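Student: Please find the sequence and the predicted model below.
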Amino acid sequence: SQGFIYVVGTGAYEGILQFNQKGEFLGYFSPNTRSLSLLEMFQNLFFSEKQKELLLTRKPKPVENIDVSDKDLIYAVTQSNEKERSGGDANSIKKCNFAGVNMFSGKSKIVTEANFVDVAAGYNNNFFALTYTGVINEYDESGELLFSFGGRAVSVDRLGLFSKASAIDTDENGFVYVLDSERGYIQVFYPTEYAVNIHQAMKELNSGIYENSEKIWHRIQQLNGMSRLAHIGYGKSLLSQQKFAEAMEHFKTANEKAYYSDAMWELRNQILNRYMPYILIILMVVIVACYIKSYIAKKNRKPVVEGRQLLSSDDKSFRTDLNFVFYMMKHPIDGFYYIKRGYRGGFLSASVIYILIFIVFIADRLFRGFVFNETDLTKTPIISIVISFILPLFLWVIMSYMISSINDGEGTLKKIYISTAYALSPYLIISPIVTAISHVLTLNEAFIVDFGWNIAVIWSAVLLFISVREIQNYKFTTTIKNIIL
């Protein structure tokens, strides 16, 4: 590769050895890295550099094997344990450029194995990684797993299985050669029609021939309609042809959120460019209407006595109790005062608010936009979602009452039940907005969803704190103590 020679040294944790054409050692190439544990971070504060060098566990694992492609890209594999792989180990499979930079760095979705022993660059920008148990993984140029085949011959001697696989190589026809060092022979694998179609579709896609790629991907889907790879490839072809809505359907079927987000970004731009004048008109009408409503509300505002808006139980009704959630968000101290006095809030209205909050909670967990929906109903029973809502609220209300009874609190069980419902007003109001906008936002705007949700939760937590303080008539320190207990 460019006149350089790359050598894997046994136990050479410093990296791949690099030599020039004369055999002169130039240095180490693309060394593996490792993250420090909490204990090692603590040791850094007190240990000297000499003491750190004596700690063998600090050294990264050496590279197991390498291969160089015809484009001078260096593929390297390293054996790792389950903990390292679950933590997103970046050393298991590396694709390094001429400068030694790992092109897969930061990519967490690469499917890896613990016992890689060799790697081989393919003829179509793909590559193969081999484990000593005989499992062969084929990846595309971006590190996506294409196929996995082979395996270990445990009790039977069958073609395609190995006793101890030790080396792998490929040729220009796509044939894969694997050495079984224990049995002393090489097995040859050739691509099936399905694999040939996959490779051809990817080649056409990467070459910019999107229409041909779309046709091939469609043919692959006819062979295997459940192929995630086929849906992603088909979606990429449609995306490149600006068929964004169709591409989103295939990305959603494949559960591919990154490309779905890209397609939605482009589709949203199309819609905004087409309907922007109408959107601006509607926005102006809404702003004017809000201004008029605010002006009328100021005219009809009740008198204020000693800084507190005057309310009484005379105008108390189920409707005013429900609307009180908006007042509570702006004036929580006054709001809890009125709840304590019985001027606002009731058992019925609080129960309805709990039901509404439960609906909002379910919507937040299950009905966010595809890009931001992390709940998989196939793995998460609905009953566990229901319990995760009901149990914390039940414990909060009961424990607050029991602890306040011991600490001379003034709040009754009914008042705590009602005030807790109103304390969750920010979550009730903001969370549906976050859920709604998650359907039109992309991963680039994920911070908006996170920010909105965090505001709703933190705001509600602050109101819960105020509710305990006002309903129980505690001081600040006593409130903290009550909540901790």
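Tutor: The structure has been received and is ready for your questions. Here the structure is a predicted model, which means the values were calculated and not measured.
Student: Relative to Ile339, how far out is Ser419?
Tutor: 5 Å (CB to CB, to the nearest Å). Using the backbone N, CA and C atoms, a C-beta is placed for each residue, glycine as well.
Student: which residues in the stretch 1-150 of the chain form helices?
Tutor: 38-46, 49-53, 82-86 (DSSP state H, counting those that start in this stretch).
Student: returning to that earlier point: hey, what's in contact with both of Ser419 and Ile339?
Tutor: 345, 471 (CB atoms under 8 Å, 6 or more residues apart in numbering).
Student: wait, Asn44 sits on Ser37?
Tutor: No. Counting by CB atoms under 8 Å, Asn44 sits too far from Ser37 to count as a contact (10.9 Å).
Student: List the buried residues of stretch 353-362.
Tutor: By 16 or more other CB atoms under 10 Å, the buried positions in stretch 353-362 come out as 353-354, 356-357, 360-361.
Student: Of those, which belong to helices?
Tutor: 353-354, 356-357, 360-361 (DSSP state H).
Student: Name the helix or strand of the chain that has the lowest mean pLDDT.
Tutor: One helix or strand of the chain scores below all others by mean pLDDT, DSSP states H and E: strand 304-305, with a mean of 49.
Student: Can you give me the neighbour number for Met41?
Tutor: A count of nearby residues for Met41, using other CB atoms under 10 Å, gives 10.
Student: Before we move on, what's the pLDDT of it?
Tutor: Listed pLDDT for Met41 reads 73.
Student: and if you look at Ala76?
Tutor: pLDDT at Ala76 comes out at 91.
Student: Equivalent analysis for Gly87, please.
Tutor: Predicted confidence (pLDDT) for Gly87: 48.
Student: Now do the helix ranked longest in the chain: which elements does it pack against?
Tutor: In the chain, with assignment by DSSP H, the single longest helix is helix 257-299. Packing partners of helix 257-299 (3 or more CB pairs under 8 Å, 6 or more residues apart in numbering; DSSP states H and E): helix 228-240, helix 244-253.
Student: Please report how far Phe451 lies from Ile437.
Tutor: For Phe451 relative to Ile437 (CB to CB), the value is 11 Å.
Student: before we move on, what about Arg152?
Tutor: 50 Å.
Student: so how far is stretch 205-224 off the chain centroid?
Tutor: 29 Å (CA atoms, centre = their mean, to the nearest Å).
Student: no no, stretch 260-267
Tutor: 17 Å.
Student: For it, give me every contacting residue.
Tutor: By CB under 8 Å, 6+ apart, stretch 260-267 touches 235, 239, 242, 244-245, 247-248, 251-252, 370-371, 440, 442-444.
Student: can you pull the contacts of Phe147?
Tutor: Contacts for Phe147 (CB under 8 Å, 6+ apart) come out as 137-138, 195.
Student: With adjacent residues omitted, what lies nearest to Tyr338?
Tutor: Arg344 (4.3 Å; CB to CB, 6 or more residues apart in numbering).
Student: oh, I was asking about Lys257
Tutor: Per CB to CB, 6+ apart, closest to Lys257 is Val371, 5.2 Å.
Student: Can you classify the one you found by secondary structure?
Tutor: Classification of Val371 using DSSP: H, G, I helix; E, B strand; the rest coil returns helix.
Student: Neighbours of it, how many?
Tutor: 21.
Student: Repeat that for Asp67.
Tutor: 21.
Student: Now the phi/psi pair for the spatially most central residue of the chain, please.
Tutor: The centre of the chain sits closest to Glu374, judged by CA atoms, centre = their mean, with a distance of 7.2 Å. Dihedral angles of Glu374 (phi, psi; degrees, to the nearest 10) stand at phi -100, psi 0.
Student: Give me the distance between it and Glu172.
Tutor: 44 Å.
Student: hang on, the earlier thing: may I see the buried residues of stretch 353-362 arranged in TSV, with pLDDT as well?
Tutor: Putting those into TSV (pLDDT from 0 to 100) gives the following:
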residue	pLDDT
Ile353	91
Tyr354	92
Leu356	94
Ile357	93
Val360	93
Phe361	93
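Student: So which of those residues is the closest to Ala456?
Tutor: Val360 (9.5 Å; CB to CB).
Student: tell me the contacts of that closest one?
Tutor: Val360 neighbours (CB under 8 Å, 6+ apart): 427-428, 431-432, 435.
Student: For it, which non-adjacent residue is spatially closest?
Tutor: Ser431 (5.0 Å).
Student: correct me, but the one you found touches Trp453?
Tutor: Yes. Assessed by CB under 8 Å, Ser431 is found in contact with Trp453 at 7.0 Å.
Student: okay, the two: which has more neighbours?
Tutor: Neighbour tally, Ser431 and Trp453, criterion other CB under 10 Å: the higher count belongs to Ser431, 22 against 19.
Student: Looks to me like that one is in a helix.
Tutor: Yes. Assigned with three-state DSSP, Ser431 falls within a helix.
Student: Pull the contacting residues for it.
Tutor: Residues near Ser431 by CB under 8 Å, 6+ apart: 360-361, 363-364, 453, 456.
Student: Among these, which one sits closest to Val156?
Tutor: Distance ranking of these against Val156, using CB to CB, places Asp364 first at 51.5 Å.
Student: Per-residue confidence, that closest one, what does it come out as?
Tutor: 90.
Student: what do you get for Gln200?
Tutor: 90.
Student: what's near enough to touch the closest residue to it other than its chain neighbours?
Tutor: On the basis of CB to CB, 6+ apart, the spatially nearest residue to Gln200 that is not a chain neighbour turns out to be Ile216, at 5.7 Å. Contacts for Ile216 (CB under 8 Å, 6+ apart) come out as 197, 200-201, 204.
Student: 10 Å instead, please
Tutor: Neighbouring residues of Ile216 by CB atoms under 10 Å, 6 or more residues apart in numbering: 196-205, 209, 230, 233-234, 237.
Student: Drop anything exposed from the residues you listed.
Tutor: Buried among the contacts of Ile216 by 16+ other CB under 10 Å: 197-205, 230, 233-234, 237.
Student: Can you convert the residues you listed into a markdown table and add a column each for distance to Tyr123?
Tutor: Below are these laid out as a markdown table (distance: CB to CB, whole Å):
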| residue | distance to Tyr123 |
| --- | --- |
| Asn197 | 16 |
| Ile198 | 14 |
| His199 | 9 |
| Gln200 | 12 |
| Ala201 | 15 |
| Met202 | 12 |
| Lys203 | 10 |
| Glu204 | 15 |
| Leu205 | 17 |
| Ala230 | 21 |
| Gly233 | 19 |
| Tyr234 | 23 |
| Ser237 | 22 |
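Student: Can you tell me which of those is closest to Leu391?
Tutor: Ala230 (42.8 Å).
Student: In this structure the closest one contacts Trp217, no?
Tutor: Yes. Assessed by CB atoms under 10 Å, Ala230 is found in contact with Trp217 at 5.7 Å.
Student: okay, and the common contacts of these two?
Tutor: 197-198, 201, 250.
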